[in-house]
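[1] fold the following, please.
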Amino acid sequence: MQEILPAFKVNLLLNPTNPEMYNSYGKALNKACKKQEAILIYKRALALKQDNKDAKDALAKLEDH
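    Okay, the predicted model is just below:
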């Protein structure tokens, strides 16, 4: 999973206002055991779209552990 993370960073640079890109990156970071980074990315997704259910749910799970 580590090797795909740079591709997600490029996607964010190309689409910095798309909350779905942040959701995807957060999911990838979480799978790569980068919990703190995933939390930050999900928070950014919520800043872009406050009713982002996927980001809210993922963030709640990460913060509970």
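[2] and stretch 17-37, average pLDDT?
    Mean pLDDT, stretch 17-37: 96.
[3] tell me, what residue is most central in the protein?
    The centre of the chain sits closest to Gly26, judged by CA atoms, centre = their mean, with a distance of 2.3 Å.
[4] element containing that residue, please.
    helix 19-31 (DSSP states H and E).
[5] mind saving the C-alpha coords of whichever helix or strand comes after that helix as CSV?
    Where DSSP H and E defines the elements, the next helix or strand beyond helix 19-31 is helix 35-48. Below are the C-alpha coordinates for helix 35-48, written out as CSV (Å, rounded to 0.1, in the frame of the first residue of the first chain):
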residue,chain,number,x,y,z
LYS,A,35,-3.5,6.7,11.4
GLN,A,36,-2.5,10.3,12.3
GLU,A,37,-2.1,11.3,8.7
ALA,A,38,-5.4,9.7,7.8
ILE,A,39,-7.1,11.6,10.6
LEU,A,40,-5.8,14.9,9.2
ILE,A,41,-6.9,14.1,5.7
TYR,A,42,-10.4,13.1,6.7
LYS,A,43,-10.6,16.4,8.7
ARG,A,44,-9.6,18.2,5.5
ALA,A,45,-12.4,16.4,3.6
LEU,A,46,-14.9,17.5,6.2
ALA,A,47,-13.6,21.1,5.9
LEU,A,48,-14.4,21.0,2.2
